[in-house]
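J.: this one's structure only:
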Ligand SMILES: Nc1ncnc2c1ncn2[C@@H]1O[C@H](COP(=O)(O)OP(=O)(O)OP(=O)(O)O)[C@@H](O)[C@H]1O
């Protein structure tokens, strides 16, 4: 594909995202604008994983960003891996929320966005994957009003729920969205995406993160709050009763008792639209009769487990023991970007 790189529109841990235009698009196969996610050799495995997962997810879910191809270029003497995606002209939910200076979105908007994300998650989970990094930065808004899940760099097959044994303690995704079972037991299944969705809903509505966490605070105390004890993320008091009930189904510490995306799609919080005049109107959030299996399919080889490792100990008798092990000085690479703590 012949293309021209445009302005930078986003940065991630592994990549830079720019606008791209096809320079020869006589067949009209490609849209006039695309997003190109580019990484050097450091981020190549993440991009390759993203491409592989997007290919397996297919093009039949309107709530998942579409992959338009890939290629390699040499820029400033360095080989770049490029992944072309449909371009979300209205940016991410995170960038939209930032413009509101700490305010949240109206509940009716939160309900619609939540329904869209849930339909995307249902598709991902039905195909046998977990996203593993759901957060507002990875939920994109399109010019036609569509809301889609992006960034599948950390996605993995759900048959491989627990991180490989023998590699020590592993943390992936963003700390503030981590589910208790991920903190305690390295588990990153579809249930962890539902927990992260709950955190995203709180943030969309309140403009605040679901866990109170000040810059410079101790990460370990947050891990302990998430993983140990009964404390749950903040459920906004001014959210409707339906909204608070919805969140209570996401924030169940035991992943086996947590509602699935499929179940949540039938919850009145997303199955009923609040009109601007406040009246309730049912709108179609029917379970799709997709020709996909509802259980994991064949084993999926996650190509490159990007993680941190804290020594050889892998078995823990208690959650406290595992969380305490995270506090060793062998944990590298805590990074804080725009108040977000990302642990790789
Ligand atoms: N298709 C797209 N259209 C418009 N903007 C995009 C698109 N994809 C990504 N972006 C922007 O670029 C940012 C970084 O993209 P992305 O999260 O995919 O990169 P990453 O390297 O995988 O990041 P992460 O650190 O979350 O793993 C997003 O938050 C978003 O603002």
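T.: Nice, I can see it. None of the values given here were measured: they were computed from a predicted structure.

J.: near the ligand, which residues of this structure show up?
T.: Proximity of the chain to the ligand, by C-beta under 6 Å from any ligand atom, involves residues 9-15, 17, 35, 37, 65, 85, 87-88, 91-92, 95, 133, 137-138, 140, 150-151, 153. For glycine as for every other residue, the C-beta is placed from the backbone atoms N, C-alpha and C.

J.: can you select the buried ones among the residues you listed for me in ChimeraX?
T.: Under the burial definition 16 or more other C-beta atoms under 10 Å, those of the residues of the chain next to the ligand that qualify are selected in ChimeraX by:
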select :9,10,12,13,14,15,17,35,37,65,85,87,88,91,92,133,137,138,140,150,151,153
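
J.: what about the residues of the chain next to the ligand, which are in helices?
T.: Here DSSP state H is the test, and the residues of the chain next to the ligand give residue 95 as lying in helices.

J.: let's see which of the residues of the chain next to the ligand end up in strands.
T.: Judged by DSSP state E, strands contain the following of these: 9-11, 17, 35, 37, 85, 140.

J.: which one of the residues you listed is nearest to the ligand?
T.: residue 10 (2.0 Å; C-beta to the nearest ligand atom).

J.: what bridges to that closest one?
T.: residue 17 (DSSP bridges).

J.: where does the stretch 151-300 of the chain have low pLDDT?
T.: 160-173, 272-300 (pLDDT under 70).

J.: show me where it has helices.
T.: 180-185, 190-206, 219-227, 241-250, 261-264, 268-271 (DSSP state H, counting those that start in this stretch).

J.: and among the ones you listed, the most buried is which?
T.: Among the helices of the stretch 151-300 of the chain, ranked by average contacts under mean count of other C-beta atoms under 10 Å, first place goes to helix 190-206 (a mean of 26).

J.: and it, what does it pack against?
T.: Contact partners of helix 190-206 among helices and strands, from 3 or more C-beta pairs under 8 Å, 6 or more residues apart in numbering; DSSP states H and E: helix 93-98, helix 107-126, strand 129-130, helix 180-185, helix 241-250, helix 261-264.

J.: let's see that with 7 Å instead.
T.: When contacts are defined as 3 or more C-beta pairs under 7 Å, 6 or more residues apart in numbering; DSSP states H and E, helix 190-206 sits against helix 107-126, strand 129-130, helix 180-185, helix 241-250.

J.: can you add distance to residue 233 and give these back as CSV?
T.: Output for those, formatted as CSV (distance: least, C-beta to C-beta, whole Å):
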stretch, distance to residue 233
helix 107-126, 15
strand 129-130, 19
helix 180-185, 11
helix 241-250, 8
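
J.: looking at these, which is closest to residue 145?
T.: Closest approach to residue 145 among the helices and strands packed on helix 190-206 (C-beta to C-beta): helix 107-126, 8.8 Å.

J.: quick one: that closest one to helix 190-206, angle?
T.: 170 degrees (axes from the mean of the first three to the mean of the last three C-alpha atoms, to 10 degrees).

J.: tell me the buried residues in helix 107-126?
T.: Buried-residue list, helix 107-126, by 16+ other C-beta under 10 Å: 107, 110-126.

J.: which residue does the stretch 151-300 of the chain have closest to the ligand?
T.: When distances are taken as C-beta to the nearest ligand atom, the stretch 151-300 of the chain reaches nearest to the ligand at residue 151, 3.5 Å away.

J.: OK, contacts around that residue?
T.: 12, 133, 138 (C-beta atoms under 7 Å, 6 or more residues apart in numbering).

J.: so which of those is the closest to the ligand?
T.: residue 12 (2.0 Å).

J.: how close does the closest residue to residue 264 other than its chain neighbours get to residue 105?
T.: Distances taken as C-beta to C-beta, 6 or more residues apart in numbering place residue 118 nearest to residue 264, at 5.5 Å, with adjacent residues excluded. As judged by C-beta to C-beta, to the nearest Å, residue 118 and residue 105 stand 16 Å apart.

J.: how about residue 203?
T.: Distance from residue 203 to residue 105, by C-beta to C-beta: 10 Å.

J.: try residue 212
T.: Taken as C-beta to C-beta, the span from residue 212 to residue 105 is 20 Å.

J.: what do you get for residue 20?
T.: Residue 20 is 29 Å from residue 105, by C-beta to C-beta.

J.: try residue 187
T.: 31 Å.

J.: one more: residue 89?
T.: For residue 89 relative to residue 105 (C-beta to C-beta), the value is 18 Å.

J.: so between those two, which is more surrounded?
T.: residue 105 (19 against 14; other C-beta atoms under 10 Å).

J.: surely that one and residue 206 touch.
T.: No. Between residue 105 and residue 206 there is no contact under C-beta atoms under 7 Å: 9.5 Å.
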